[in-house]
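**Q** Whatever this is, show me its structure:
(one chain, ligands or ions: 8)
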Amino acid sequence: MLGAILLLLALTNAVHTKGKSSDPCDAELVLDPRPHSVSITEFGAVGDGKVDNTLAFQNAVFYLKSFADKGGAQLYVPAGRWLTGSFNLTSHLTLFLGKGAVILGSHDLTLWETVDPLPSYGRGIDVPGRRYRSLINGYMLRDVVITGDNGTIDGQGSMWWDQLTNGSLKYSRPHLIEFMSSNYVIVSNLTLLNPSAYSIHPVYCSDVHVHNISITAPEESPHTDGIVLDSSDNVCVKDSAIVVGYDSIALKSGWDEYGITFNRSTSDVCIRRVDLMSYSGSAIAFGSEMSGGISNIRVEQVNIHASSRGIELRTTRGRGGFIKDIIATDVVMEDVGTAFSATGQWGSHPDDDFDWNALPIVENITLRNISGTNIGTAGKFTGIPESPFTSICLSCIQLSMSYAYSAPWTCSDVLGSSSLVFPEPCLELTSPSSCISGPRSAGKSAAS
Ligand SMILES: *[C@@H]1O[C@H](CO)[C@@H](O)[C@H](O)[C@H]1NC(C)=O
Ligand SMILES: *[C@@H]1O[C@H](CO)[C@@H](O)[C@H](O)[C@H]1NC(C)=O
Ligand SMILES: *[C@@H]1O[C@H](CO)[C@@H](O)[C@H](O)[C@H]1NC(C)=O
Ligand SMILES: *[C@@H]1O[C@H](CO)[C@@H](O)[C@H](O)[C@H]1NC(C)=O
Ligand SMILES: *[C@@H]1O[C@H](CO)[C@@H](O)[C@H](O)[C@H]1NC(C)=O
Ligand SMILES: *[C@@H]1O[C@H](CO)[C@@H](O)[C@H](O)[C@H]1NC(C)=O
Ligand SMILES: *[C@@H]1O[C@H](CO)[C@@H](O)[C@H](O)[C@H]1NC(C)=O
Ligand SMILES: *[C@@H]1O[C@H](CO)[C@@H](O)[C@H](O)[C@H]1NC(C)=O
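**A** Ligands and ions are numbered 1, 2, ... in the order given. Below you'll find the predicted structure:
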């Protein structure tokens with residue numbers, strides 16, 4: 001009997017979904033307990049905030065690899081301040097940070113190996129060439145959980161922010177948590193602080209759930225992002241609060257010719273019940289690296305405050321790819337510079353080999369039931385003349401502006417329709433029948 005149970009455990013993931021659902025946040029996520037658990041202290045770790053524990057984490061994970069075919073295992077981190085450099089996770093592992101446990105990113109550069117740039121980017125995002133390995137890494141894994149009883153991961157990013165700002169950064173910054181080419185991943189019940197660059201970065205992943213996470217970076221931290229979903233599908237992000245220097249949640253899929261060749265989109269994503277604040281970026285950003293495409297994204301029940309921009313689509317010539325089939329509904333904004341932005345003139349290229357004729361497509365974007373107070377600019381839509389943005393559908397939008405005298409909307413090379421939108425949008429967004437699926441009644445989706 002016991003043998004049969006163990007065999008069953010060996011054949012299944014602790015992380016799996018019950019039933020089929022087209023909405024990744026509706027799929028019921030089942031999390032079975034791991035049959036084995038060890039504490040990081042058993043590997044000689046010292047939680048005084050001073051001793052380097054990189055080897056302890058690496059050795060613990062190496063030891064726990066042997067439980068992969070026995071239902072997996074848990075690595076427990078008790079209360080304490082656990083300083084460490086970069087380390088890897090393994091399949092069928094739960095990293096559990098107990099109450100009062102804080103993992104601290106080390107400032108000792110000798111603990112940070114460099115790795116090749118992501119194939120879909122061709123170079124590092126900060127500087128050309130290689131990049132530092134992230135603090136916590138998963139590569140080609142399956143069934144991995146990082147969770148806890150409100151444990152904390154503090155990237156202590158100030159050193160990296162200074163290096164980026166003063167031009168001494170040799171390789172692109174590490175992220176706090178990165179999963180590459182992995183499936184069935186959960187990150188939950190944690191506090192993340194001071195990311196060096198991104199806080200959570202799933203890239204080339206499927207079936208990723210991020211919930212009940214708090215992420216905080218200070219206002220002056222340059223280009224710190226919350227969750228960056230990159231060439232990944234079937235992702236749910238919910239019940240989380242994010243305050244960062246740049247984008248709170250970004251969806252990406254590769255950069256120009258590298259992303260076009262790699263050709264992996266970010267699709268089938270749901271973002272639900274999140275509270276966002278982005279000092280100098282966007283609360284929800286699509287792109288600008290989107291060369292593998294971004295499609296079928298649902299954003300709902302979002303609060304956005306004190307942010308430079310609310311919902312933003314970014315692309316440029318040379319990107320190729322697409323941003324399409326996006327719905328954002330039930331959003332409340334307060335103190336936002338620009339509520340909506342869609343630009344076809346964003347940012348730089350990885351190198352000079354990009355194809356000027358690789359035109360991105362932006363279409364079928366629905367913004368519905370959105371209210372805002374103290375908004376600077378309602379919308380700025382500047383498409384690409386050779387590839388205008390189409391089927392931009394606005395409905396039930398009510399924004400109260402901070403300056404009565406400024407033009408609330410700017411539009412060029414964009415086509416869409418609107419109903420019940422205040423302030424009155426530009427002519428380009430009031431064409432009567434340009435929505436592919438037609439206007440919907442609030443709350444109900446059209447049957448098509
Ligand atoms: C971490 O994983 C990478 C593969 O992604 C490997 O090259 C590296 O050696 C691993 N590091 C350790 C300490 O196991
Ligand atoms: C969120 O996580 C905290 C611990 O970080 C826990 O106390 C709380 O119950 C969780 N809430 C939900 C809804 O899971
Ligand atoms: C979680 O921990 C952070 C500090 O790491 C604290 O500020 C926050 O209040 C805690 N949240 C909960 C729900 O315990
Ligand atoms: C840049 O910042 C880093 C990290 O704080 C520091 O070690 C370095 O000396 C600074 N370099 C310059 C040129 O200011
Ligand atoms: C998060 O915390 C809540 C409340 O304690 C718990 O029900 C849930 O199972 C936790 N999630 C994970 C993945 O541990
Ligand atoms: C990219 O992949 C899609 C299928 O995922 C395929 O239809 C398309 O032709 C591919 N594009 C290129 C340029 O290879
Ligand atoms: C437009 O996007 C929505 C949301 O993803 C999708 O349900 C709908 O089918 C799309 N319409 C067309 C014509 O593709
Ligand atoms: C519109 O959004 C608000 C805020 O999320 C929500 O309370 C309300 O129920 C939504 N209205 C409809 C008709 O869906």
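**Q** Pick out the residue of this structure closest to ligand 4.
**A** Asp162 (3.3 Å; Cβ to the nearest ligand atom). C-beta coordinates here come from the backbone N, C-alpha and C atoms, glycine included.
**Q** In contact with that residue, which residues are there?
**A** Ser168 (Cβ atoms under 8 Å, 6 or more residues apart in numbering).
**Q** Next one: it from Thr216, what distance?
**A** Distance check for Asp162 against Thr216: by Cβ to Cβ, to the nearest Å, it reads 19 Å.
**Q** ok, now Glu334?
**A** 19 Å.
**Q** Which of the three states applies to the residue of the chain closest to ligand 4?
**A** helix (DSSP: H, G, I helix; E, B strand; the rest coil).
**Q** what's the pLDDT at it?
**A** With respect to pLDDT, Asp162 scores 98.
**Q** Show me what the helix or strand in which Leu64 is found is packed against.
**A** Element membership of Leu64 [criterion: DSSP states H and E] is helix 54-64. Counting by 3 or more Cβ pairs under 8 Å, 6 or more residues apart in numbering; DSSP states H and E, the packing neighbours recorded for helix 54-64 are strand 36-39, strand 73-77, strand 80-84, strand 87-88.
**Q** Whether the second one contacts ligand 3 - can you check?
**A** Right, strand 73-77. No: shown here: strand 73-77 not in contact with ligand 3 (Cβ under 6 Å from any ligand atom), separated by at least 13.4 Å.
**Q** tell me the angle that strand makes with helix 54-64.
**A** Calculated by axes from the mean of the first three to the mean of the last three Cα atoms, to 10 degrees, strand 73-77 forms an angle of 160 degrees with helix 54-64.
**Q** quick one: average pLDDT of strand 73-77?
**A** The average of the pLDDT scores along strand 73-77 is 98.
**Q** Check which helices and strands it is in contact with.
**A** Counting by 3+ Cβ pairs under 8 Å, 6+ apart, strand 73-77 packs on strand 36-39, helix 54-64, strand 93-97.
**Q** roughly how far apart are the residue in the stretch 251-400 of the chain that ligand 2 sits nearest to and ligand 3?
**A** Per Cβ to the nearest ligand atom, the residue of the stretch 251-400 of the chain with the smallest distance to ligand 2 is Arg273, at 10.1 Å. Distance of Arg273 to ligand 3, given as Cβ to the nearest ligand atom, to the nearest Å: 16 Å.
**Q** State the three-state secondary structure for that residue.
**A** strand.
**Q** what sits against Asp108?
**A** Contacts of Asp108 by Cβ under 8 Å, 6+ apart are Asp52, Gly85.
**Q** For it, give me phi and psi.
**A** phi -80, psi 100 (degrees, to the nearest 10).
**Q** Could you do Leu427 as well?
**A** Residue torsions, per degrees, to the nearest 10, at Leu427 are phi -60, psi -40.
**Q** burial measure for it, as a count.
**A** 9 (other Cβ atoms under 10 Å).
**Q** dump the residue contacts of it.
**A** Contacts of Leu427 by Cβ under 8 Å, 6+ apart are Cys411.
**Q** Please report how far it lies from Gly416.
**A** Distance from Leu427 to Gly416, by Cβ to Cβ: 11 Å.
**Q** And for Gly226?
**A** Distance from Gly226 to Gly416, by Cβ to Cβ: 28 Å.
**Q** So, low pLDDT: which residues of the stretch 251-400 of the chain?
**A** Scanning the stretch 251-400 of the chain for pLDDT under 70 picks out nothing.
**Q** likewise the stretch 1-150 of the chain?
**A** Using pLDDT under 70, the stretch 1-150 of the chain drops low at 1-13, 17-21, 28-29.
**Q** can we see that at 80?
**A** 1-22, 27-32 (pLDDT under 80).
**Q** Residues of this protein that sit close to ligand 5?
**A** Leu31, Thr147, Ile186, Ser188, Asn189, Asn212.
**Q** picking up where we left off before, what's the most buried one of the helices and strands packed on strand 73-77?
**A** Of all these, strand 93-97 has the most neighbours on average by mean count of other Cβ atoms under 10 Å, namely a mean of 25.
**Q** I would like the residues contacting that strand, please.
**A** 14, 34, 37, 61, 64, 72-77, 89, 103, 136, 141, 144-149, 151-153, 190.
**Q** The stretch 151-300 of the chain: helices as residue ranges?
**A** Assigned by DSSP state H, counting those that start in this stretch, the stretch 151-300 of the chain shows helices spanning 158-166, 256-262.
**Q** which of those helices is buried the deepest?
**A** helix 256-262 (a mean of 22).
**Q** got the contact list for that helix?
**A** 119-122, 231, 253-254, 289-292, 318-321, 349-350, 353-355, 358.
**Q** Would you pull up the residue in the stretch 51-200 of the chain closest to ligand 8?
**A** Taking Cβ to the nearest ligand atom, the stretch 51-200 of the chain has Ser188 as its residue nearest ligand 8, at 23.1 Å.
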